[in-house]
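> structure of the sequence below:
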Amino acid sequence: MRKLVIYLFLLVSISTFAQNANDIFLSANSLYKEGKYEEAIKLYEQIEDENLASSEVYYNLANCYYKLHKIAPTIYNYEKALQLNPLNEDAKNNLIIAKRLTLDRIEALPKSVVQKFNENYLQKFTYNTWAVITIVFSFIASILFLLFYFAYTPSKKRTYFTTSIISFLLLLTCLIITYTQYNQSKNNIEAIIYTEEVSVTNEPTENSNEIFILHEGTKVKILDSVDNWKKIKLVDGKVGWIKTKTLQEL
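Now for the predicted structure:
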């Protein structure tokens, strides 16, 4: 009985938080329409602090920062919106526009056919979505196998057996994709440069040599961390070290 009461209390609390977040979101939208971007930002970030931010919240946050001509937060929040929903076309299109405001022009290394296929098709969905697709195929494969097992006529048995095998193969394929996407998501740590201009050095020390300079809004991949330094990699393959405080992890 006590566990049931605790469960109901948690359920009500979550529902209340969600309702409050929705009210705050609507209020922030109204402020945005009135041109009160800084006030709207405070409300959107309030939702984020409650860990209830959605792709739409980050998208609207980015729009506010764009109106205030703040490049780094704009790009950061568009990227966050796409992390939660890779199919958010508005965020994708606005991110392209926002990146034109950055000073760094970095050409990406050529990608293989497999990398292009992964980026253009597989990464259209998050690993959570692929996990749901995997579960769906597992149900379909199970049902088709049961139909095969209980079918009496040879033609139906062949049909159900063939379709169950196909479903099982699709299940395995989606499972592999889910596992791969999950590992990529956890191991591929990216960040946005938040400092207006930052020196990238060859070592994580104060007296190391500068090898190149980056500007706010540039996206980097984090490879390693030492004390208050981060080892980063650019899309063109360049590698170096910068201070942790100069960037914001996605």
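> surely residue 178 and residue 135 touch.
No - contact criterion Cβ atoms under 8 Å: residue 178 and residue 135 do not qualify, at 9.8 Å. Yep, even glycine has a C-beta here, placed from its N, CA and C like the rest.
> who's more crowded, those two?
Taking neighbours as other Cβ atoms under 10 Å, residue 178 and residue 135 compare with residue 178 leading, 21 against 14.
> which helix or strand lies directly C-terminal to the helix or strand harbouring the more buried one?
Element membership for residue 178 (DSSP states H and E) is helix 154-187. Toward the C-terminal end, the helix or strand that comes next after helix 154-187 (DSSP H and E) is strand 189-193.
> gap between residue 86 and residue 194?
Distance, residue 86 to residue 194, using Cβ to Cβ, to the nearest Å: 23 Å.
> neighbour count: the two, which is higher?
A count of neighbours by other Cβ under 10 Å puts residue 194 above the other of residue 86 and residue 194, at 19 against 16.
> and for the more buried one, nearest residue in space, chain neighbours not counted?
Using Cβ to Cβ, 6 or more residues apart in numbering and skipping residues adjacent in sequence, the residue nearest residue 194 is residue 72, 4.6 Å away.
> list the residues that contact the nearest residue to residue 164 once chain neighbours are set aside.
Of all residues not flanking residue 164 in the chain, residue 144 sits nearest, at 3.6 Å (Cβ to Cβ, 6+ apart). Residue 144 is in contact with 160, 163-164, 167, counting by Cβ atoms under 8 Å, 6 or more residues apart in numbering.
> now whichever helix or strand residue 76 is part of against strand 189-193, angle please.
For residue 76, the host element (DSSP H and E) is helix 71-84. Orientation check (axes from the mean of the first three to the mean of the last three Cα atoms, to 10 degrees): helix 71-84 against strand 189-193 gives 160 degrees.
> give me the mean pLDDT for helix 71-84.
Computed over helix 71-84, the mean pLDDT rounds to 93.
> now swap in stretch 129-138 and tell me
Stretch 129-138 comes out at a mean pLDDT of 91.
> repeat for stretch 218-225
91.
> may I ask which helix or strand of the chain has the lowest mean pLDDT?
helix 2-33 (a mean of 64; mean pLDDT, DSSP states H and E).
> please go through this protein and pick out the longest strand.
strand 219-226 (DSSP state E).
> for whichever helix or strand comes after that one, name the packing helices and strands.
As assigned by DSSP H and E, the chain's next helix or strand after strand 219-226 is strand 229-233. Under the contact criterion of 3 or more Cβ pairs under 8 Å, 6 or more residues apart in numbering; DSSP states H and E, strand 229-233 touches strand 219-226, strand 239-243.
> go with 10 Å
strand 189-193, strand 197-201, strand 219-226, strand 239-243, strand 247-249 (3 or more Cβ pairs under 10 Å, 6 or more residues apart in numbering; DSSP states H and E).
> so which of those is nearest residue 66?
Closest approach to residue 66 among the helices and strands packed on strand 229-233 is made by strand 189-193 (14.0 Å; Cβ to Cβ).
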